[in-house]
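# Here is the input, now give the coordinates:
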Amino acid sequence: MVLCSVKDNRLARIWGLVAAQAARRGGRVEAGDVCAAALAAVEVTGAWLSAASGLQAGHLMQVTDEVSEQLAELQLTLGEGPSIDVAAFGGPALASDLAERESGRRWPAFAPAACQAGAGAVFAFPLAIGAIQAGVLGLYRDKPGRLSDVQLGDALLLADTATLLLLDAQAGQVDGVGEYDGHDGHDGLGGQQAELTRHRAEIDQATGMLTEQLDVGITEAFTRLRAYAYANDLRLADVARDIVARRLRLNPDPGLFRDGE
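This next block holds a predicted model:
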């Protein structure tokens, strides 16, 4: 009975933090509000939220800062990282020190790139109910440091909260209700930030264009898009934007080139 009361109090605190974030921006409570609430609840530097998309890192919906966005995009570009592990294996992925040998072994490309971006530790949690995979909640600290038992528990409650809000938003879209007008900078499912919506749309459009240009399937086209961004040390969204604007065209052969070069 006492344990239930403690958990209920912690859950009420989590919901209170999420609701307070929604009130500050003047909107209804959405999955994206969990990111901002996590900063205080778990004592992390930043957070990101992505919706499930197979075994990829998913569609990025919300970030709290530039480093969070970079960490999410690095995983999409490199094809490795905590969010990828969560999507593949279904459990939390915790790395309290990205500079440690273990982190480098797990993510040989992502770990050093994340350190360079400004992260010292990363933690990712599945948004799932049973077999339903809704997405991933990612957290980072700018300095190494493990989560305490209480912080880990709060992070799991935040992930559960985000799952319920995200699934509720998905159900609303399917039913044709609960549409949001985006007046507070949100424009999409569960409070997806408008700028992230545009970035993802450009990536999807560029991938579609590459299937025609290279005469390959959608998976291979996305792999080529990621490979070009990684090889040239460019952001995936920037490469996609150039392809959509026809400033960049990839060769059907392994050699890659820019128009006019």
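# quick check: longest helix of the chain.
Taking DSSP state H as the criterion, the chain has its longest helix at helix 149-175.
# That helix - contacts with which helices or strands?
Other helices and strands packing on helix 149-175, by 3 or more Cβ pairs under 8 Å, 6 or more residues apart in numbering; DSSP states H and E, are helix 2-25, helix 33-41, strand 121-129, strand 132-141. No exception for glycine: its C-beta is placed from N, CA and C like everyone else's.
# Identify each buried residue in the longest one, please.
In other words, helix 2-25. For helix 2-25, burial by neighbour count (16 or more other Cβ atoms under 10 Å) applies to 14, 17, 18, 21, 22, 25.
# Turn those into CSV, including distance to residue 113 and pLDDT.
What follows is the buried residues of helix 2-25, written out as CSV (distance: Cβ to Cβ, whole Å; pLDDT from 0 to 100):
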residue, distance to residue 113, pLDDT
14, 31, 88
17, 31, 89
18, 30, 88
21, 29, 86
22, 33, 87
25, 31, 83
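# for the helices and strands packed on helix 149-175, which one sits closest to residue 210?
Minimum separation from residue 210 across the helices and strands packed on helix 149-175 (Cβ to Cβ) falls at strand 132-141, 25.4 Å.
# Closest to the mean position in the protein, which residue would that be?
residue 50 (3.7 Å; Cα atoms, centre = their mean).
# so it sits in a helix?
No. Counting by DSSP: H, G, I helix; E, B strand; the rest coil, residue 50 falls outside a helix, being strand.
# Now that it has come up, it's in contact with residue 61, right?
Yes. Using Cβ atoms under 8 Å, residue 50 is in contact with residue 61, at 6.0 Å.
# who touches both of the two?
residue 135 (Cβ atoms under 8 Å, 6 or more residues apart in numbering).
# Could you double-check that residue 35 sits in contact with residue 49?
Yes. Counting by Cβ under 8 Å, residue 35 touches residue 49, with 5.3 Å between them.
# Same drill for these two, tell me which one is more crowded.
Between residue 35 and residue 49, counted using other Cβ atoms under 10 Å, residue 49 has the larger neighbour count: 35 against 28.
# Next, find the distance separating that one from residue 68.
9 Å (Cβ to Cβ, to the nearest Å).
# overlap in contacts of these two?
Counting by Cβ under 8 Å, 6+ apart, the contacts common to residue 49 and residue 68 are 35, 138.
# mind listing the helices for the stretch 151-261 of the chain?
For the stretch 151-261 of the chain, applying DSSP state H, counting those that start in this stretch gives helices covering 194-214, 218-231, 236-244.
# for residue 43, helix, strand, or coil?
Going by three-state DSSP: residue 43 is coil.
# Quick check, it in contact with residue 154.
No. With contact defined as Cβ under 8 Å, residue 43 does not count as touching residue 154 (9.2 Å).
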